[in-house]
Structure formats: structure tokens, C-alpha cells
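**Student:** Sequence first, predicted coordinates after that:
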Amino acid sequence: MKARLILEDGTLFTGISFGSDKQMTGEVVFNTGITGYQEVLSDPSYCGQIVTMTQPLIGNYGINREDFEAIRPWIHGFAVRRHETAPSNWRSEYDLGTLLKEYDIPGISDIDTRMLTRRLRNRGTLRGLITTGSASTEELLEQLKATATLHDQVNQVSTPRAYRVPGNKQRVVVIDYGSKSGIVRELGDRGCDVIVVPHTSSAEEINRHNPDGVLLSNGPGDPKDVPQAIQTVRELIGQLPLFGICLGHQLFALASGADTTKLKFGHRGSNHPVKEVASGRCLITSQNHSYSVLEETLDDTDLEITHINNNDGSVEGLKHKSAPAFSVQFHPEAAPGPTDSNRLFDEFLQMIDEFKASRAPFVSSTTKSREAASMTGARTVASHQQAKRQEADVATPPMEKVLAPSAF
Ligand SMILES: NC(=O)CC[C@H](N)C(=O)O
């Protein structure tokens, strides 16, 4: 069956339909990863977008549920040069077209994805529409114009209820703005007791879980679409160790008084070079974002730049000058890789341990009585928190489900 993809500037691509034959609109973006189409399809940060892959052969290693980044894909369409209908891989369970059909997502193949990518690079990100219908190009453009731009994607993809992935080390609350399962996997692999909470959770609700640290997840859309989340992050800064990833990084910046802007066509792929300022080293990173923190708005904040994009000089990482908090625009949990920045999870857990140690009650030596007499507010808070933790271990707030990491 014939399918068409039309961009808002009138550019028309005619190809072959696969997946669902439903008509869908979305922001059209390109990803340059050679592998990883399953992770791209199922990354909730793509919610509402039509994705095209610059790699021309897509679907050749099929689909397996294990590599999904979320329980289901949220993209609005998939545009490829060639769709492989006979995948070859021992892990493959079914083919890409079957997956798209299952979730009613339209796919279009046999189009010139090089031309499409060049158009997006030259003009910037454009909205588009995929259809198998017979309406004229003019009618389709009218329909595209009449479709509202999405602003509620975080609401669509975040978990409605808190859930826990138990572990016996640091307790980390992940605020789910559309979290990839890779984030929970990385924390779980390190033994963390992970509690994933909805994006609407207040600082008070988060504190009730008695976390040792908070991870601000990735997620779709404009970070300014979730002002309540910005307020929560503002309250958490300095209270608990924080680590922000992608949307979480942008929210951390906004909460600290910086501003964000939309990039011309975004960064999406698995080999974006990023300079680590402290060491001068280059990390190869996985990326998927449209927005970016504006460097010139950082001057009046307590943030400093830790990472810079080698391609366009944009801000890729931040840390707070005094509070235990840092963030990155790229994805250290990247699957299928690269893994250069994976150690940021270890650095987060180290930061948590140092923060805990700095607040631990004083225990020994000759100064004991003097110290006890002048015990600081922070120490009182720490022992109070420990007591609360014991209580909470008995009665944690109601949670949806208790999942093992393999259930993702
Ligand atoms: N992967 C992400 O978290 C993306 C962040 C944000 N939605 C952006 O596009 O910039």
C-alpha cells in the first residue's frame, strides 16, 4: 500500500506503508544511529515525534522485548529507506512492521531519507504527517496546520503511580518524566533500592520515601511545559543529592535560574562527541534532544559547565557550585551504547555516600562531649532522617507494583 509523508513546508515523500495505516502528525526528527532502532522506537522522549533513521537498512535484526526502553513505544511515525521484513537474529521475536501495527503506529519505507534529513538540517525541525489516504497535498497541509502542537507528552508517558525496584544499597528516587528503563537498570545493577515516582510528585512526597538521592529522568517535549516539576527540583536542590539526565538536566538548569532554547534540528544519535571540561577528554555519547541550556544564562546562577558538545559548542553538562547536584544532556545509560559516560552513575552514588557521611552523627574520640554539646542542625536532621527511614521501611507509601529489573 502507498503511503505519503508531507512536511509543513510542502515537501512530499511517497513510499510504501508498513505498520499501521492510521494517519498521524508529529514533529519530524532524524537519528543517525547505525544500530538501536528498537531503543529509539521505545524511548519515551520521542513521544509525539515522527522519527527517520539515516541508516538505510532498518529492521534487519528484528524486535525483542528485552531491549525496549519503555513498556511501549510513543512515537507517532517511523520513516525509513528500507524496511527489512525478514529479520535475522537469534534474539528476534518478530519484525518491526508487526510491532508498529501492534501499537497502531504508521511506518513509511522506500523514501529518500537522505533528502529528508538534509531538509530538516537546512530548514530546522518541521512538523509532518504520514498518511495512506487519498486527500490532496493541499488538504493534507491544511490538516497538518489544524493539528495542535503537543504540550502534554510528559503527562502521557510518566508512571501514574510510584513503584519500587528493590535493592539493598542507596535508596534512589527516580522522578519519571518519561524515564528510559536503562536508567533504572543502571541503578539496579549497582544495588540501589529504586523508587520510581510520577512527574507530579512534590518535594514533600519524594522526601516521604526517605531517599539518599534523586535522579531526574529524561523525558519528551519542552522542559518549560512542566513548571510544577521545575518548582519541585528547585526545592530539592541542596536538600538531597541530585543527578539530572537530558530533560532532567534541563529542569535542573531552569530550576537554578538558567534558560533553555530549542536547537535548530536537535542532536539524535549514538556518536556525539562531548568534551569533559575537567579532564579535556572526549566522550562519545548517545543523544536525543531538541532543547539545550543557554550558556549565556548561566552567569547569574550557581551552576558551572562540566561538559561541552564538540560539534556545536552547546552545554552538555552542569554541576552546582556548592550543593551536591549535577546533570548531563546526553545519556550515560545509553543502550546499545556507547558506554564512555556510564561511570557518571558511580559518581552519583559516590556523591550520595559523601553527602551521607558529611551528615552522619558524630561518633568518637576526645572531642565527643564538646561535639555533642554543639551538635549542628544538619546532624539533628540526619539522625531524624535515619529514624524516619526505619519507620518508612515498615510503612512505605502505597505503590503500584514491586518489580524486578528484568520485568522492564
Ligand atoms: N531525551 C530527553 O530527555 C529529551 C529532553 C527534551 N525533551 C528535549 O527534546 O530536549
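**Tutor:** Yes, it's here. Note that the structure is a prediction, hence the values are computed from the model and not measured.

**Student:** number of nearby residues for the nearest residue to Lys264 once chain neighbours are set aside?
**Tutor:** Leaving aside its sequence neighbours, Lys264 sits nearest to Gly124 (C-beta to C-beta, 6 or more residues apart in numbering; 4.4 Å). For every residue, glycine as well, the C-beta is placed using N, CA and C. For Gly124, the number of neighbouring residues by other C-beta atoms under 10 Å comes to 12.

**Student:** Quick check, Gly124 in contact with Phe30.
**Tutor:** No: Gly124 lies out of contact with Phe30 (C-beta atoms under 8 Å); the separation is 11.8 Å.

**Student:** Find the residues that touch each one of the two.
**Tutor:** Phe265 (C-beta atoms under 8 Å, 6 or more residues apart in numbering).

**Student:** Could you pick out the longest strand of this structure?
**Tutor:** strand 260-276 (DSSP state E).

**Student:** Just the pLDDT at Leu236, thanks.
**Tutor:** Here, the pLDDT recorded for Leu236 equals 98.

**Student:** Might one say that it is in contact with Pro211?
**Tutor:** No: the criterion here is C-beta under 8 Å, and Leu236 misses it with Pro211 at 9.6 Å.

**Student:** Can you name the residues of the stretch 251-400 of the chain that neighbour the ligand?
**Tutor:** With C-beta under 6 Å from any ligand atom as the criterion, the stretch 251-400 of the chain meets the ligand at residues 288-291.

**Student:** what would those look like in JSON lines with neighbour count and secondary structure?
**Tutor:** Shown next, in JSON lines, are those (neighbours: other C-beta atoms under 10 Å; DSSP: H, G, I helix; E, B strand; the rest coil):
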{"residue": "Asn288", "neighbour count": "28", "secondary structure": "strand"}
{"residue": "His289", "neighbour count": "24", "secondary structure": "strand"}
{"residue": "Ser290", "neighbour count": "21", "secondary structure": "strand"}
{"residue": "Tyr291", "neighbour count": "20", "secondary structure": "strand"}
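
**Student:** Widest-spaced pair of the residues you listed?
**Tutor:** The distance between the two most remote of those (C-beta to C-beta) is 11.1 Å, for Asn288 and Tyr291.

**Student:** what about Gln250, which helix or strand?
**Tutor:** helix 247-255 (DSSP states H and E).

**Student:** Same question for Asn155.
**Tutor:** Here Asn155 is assigned to helix 153-157, by DSSP H and E.

**Student:** Who are the packing partners of the helix or strand that that helix is followed by?
**Tutor:** Later in the chain than helix 153-157, the nearest helix or strand by DSSP H and E is strand 163-165. Applying 3 or more C-beta pairs under 8 Å, 6 or more residues apart in numbering; DSSP states H and E, one finds that strand 163-165 contacts helix 181-189, strand 193-198.

**Student:** give me that answer again for 10 Å
**Tutor:** Applying 3 or more C-beta pairs under 10 Å, 6 or more residues apart in numbering; DSSP states H and E, we find strand 163-165 packed against strand 171-176, helix 181-189, strand 193-198.

**Student:** Need the winner for burial among these.
**Tutor:** strand 171-176 (a mean of 26; mean count of other C-beta atoms under 10 Å).

**Student:** Name every strand pairing with that one and say which way it goes.
**Tutor:** strand 193-198 (parallel), strand 213-216 (parallel) (DSSP bridges).

**Student:** any low-confidence regions in this protein?
**Tutor:** Applying pLDDT under 70 to the chain flags residues 362-408.

**Student:** And the helices in it?
**Tutor:** Listed in chain order, the helices of the chain (DSSP state H) span 37-42, 96-102, 113-123, 137-146, 153-157, 181-189, 203-207, 227-236, 247-255, 344-359, 368-373, 377-394.

**Student:** OK, contacts around Phe252?
**Tutor:** 216, 223, 230, 233-234, 236-237, 242-245, 258, 293, 303, 318-320, 325-328 (C-beta atoms under 10 Å, 6 or more residues apart in numbering).

**Student:** who's in contact with Ala70?
**Tutor:** 39, 41-47, 157, 178-181, 408.

**Student:** try it again with 7 Å
**Tutor:** Contact analysis of Ala70 by C-beta atoms under 7 Å, 6 or more residues apart in numbering lists 42, 44, 180-181.

**Student:** Please produce a markdown table containing those residues, extended by distance to Val197.
**Tutor:** Converted to a markdown table, those look like this (distance: C-beta to C-beta, whole Å):
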| residue | distance to Val197 |
| --- | --- |
| Ser42 | 21 |
| Pro44 | 15 |
| Lys180 | 16 |
| Ser181 | 15 |
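
**Student:** Go through the strands paired with strand 171-176 and name the closest to the ligand.
**Tutor:** Between the ligand and the strands paired with strand 171-176, the shortest gap by C-beta to the nearest ligand atom is with strand 213-216, which sits at 9.7 Å.

**Student:** How about the residues of the stretch 101-250 of the chain by the ligand?
**Tutor:** So far as C-beta under 6 Å from any ligand atom goes, the stretch 101-250 of the chain lies against the ligand at 218-221, 246-247.

**Student:** can you rerun that using 5 Å?
**Tutor:** Counting by C-beta under 5 Å from any ligand atom, the residues of the stretch 101-250 of the chain lying close to the ligand are 218, 220, 246-247.

**Student:** Pick out the most distant pair among the residues you listed.
**Tutor:** Pro220 and Cys246 (9.9 Å).

**Student:** what about Trp114, distance to Thr32?
**Tutor:** One thing to correct before we go on: residue 114 is Arg, not Trp. To Thr32, Arg114 is 12 Å away according to C-beta to C-beta, to the nearest Å.

**Student:** typed the wrong thing, it's Glu276
**Tutor:** Counting by C-beta to C-beta - Glu276 and Thr32 are separated by 22 Å.

**Student:** What about the contacts of Phe252, which are in strands?
**Tutor:** Per DSSP E, the subset of the contacts of Phe252 in strands is 216, 242-245, 293, 303, 318-320, 325-328.

**Student:** Once you drop chain neighbours, what's closest to the most centrally placed residue in the chain?
**Tutor:** The centre of the chain sits closest to Asn218, judged by C-alpha atoms, centre = their mean, with a distance of 2.0 Å. Excluding the flanking residues, the one nearest Asn218 by C-beta to C-beta, 6+ apart is Cys246, at 3.8 Å.

**Student:** Ok, Leu263 next?
**Tutor:** That would be Ser292: by C-beta to C-beta, 6+ apart, it lies 5.3 Å from Leu263.
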